[in-house]
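J.: Task: produce atomic coordinates for the following.
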Amino acid sequence: MLIKVSFGNCAQKREDKIVFYDVFVELCQQKGIKPTTAAVEMGFSKATPTKWKKTGAVPRGETLKTVAAYFGVSEG
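T.: Below you'll find the predicted structure:
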């Protein structure tokens, strides 16, 4: 199943309906892996998804490119 997702519209705050972390978790579920597993496979710390969740952070630059490439989705 092909899912077209863009990280470009991810909001930084929970009040804005969609946050990067929510999209990240959905992509992990579709791939059948845990968020921490995906993070480690991409070369990030196991704590990275927790940081995205707690702070509402949206990765930029090379980090975003790495995540998009890993899941085969658009970054913007």
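J.: Low-confidence stretches in this structure?
T.: Within the chain, the ranges that satisfy pLDDT under 70 run 1-18.
J.: element containing the spatially most central residue of the chain?
T.: The centroid of the chain falls nearest to Phe24 when counting by Cα atoms, centre = their mean (3.1 Å). Applying DSSP states H and E as the criterion places Phe24 in helix 20-31.
J.: quick one, what contacts the residue nearest to the centre of the chain?
T.: Contact analysis of Phe24 by Cβ atoms under 8 Å, 6 or more residues apart in numbering lists 35, 38, 49, 52, 67. From N, CA and C alone the C-beta is placed, and that goes for glycine too.
J.: can you pull the buried residues of the helix holding Phe24?
T.: Neighbour counts over helix 20-31 (16 or more other Cβ atoms under 10 Å) mark 20-21, 23-25, 27-28 as buried.
J.: And it, how far out from the chain middle?
T.: Taking the mean of its C-alpha atoms, helix 20-31 sits 6 Å from the chain's own mean (Cα atoms, centre = their mean, to the nearest Å).
J.: Can you name the next helix or strand after that helix?
T.: helix 35-41.
J.: from the buried residues of helix 20-31, which is closest to Gly61?
T.: Looking at the buried residues of helix 20-31 and their distance to Gly61, the nearest is Phe20, at 13.7 Å (Cβ to Cβ).
J.: Check the contact between Trp52 and Pro59; I expect there is one.
T.: Yes - contact between Trp52 and Pro59 holds when scored by Cβ atoms under 8 Å: they sit 7.3 Å apart.
J.: more neighbours, those two?
T.: More neighbours sit around Trp52 than around the other of Trp52 and Pro59, counting by other Cβ atoms under 10 Å; the figures are 24 against 20.
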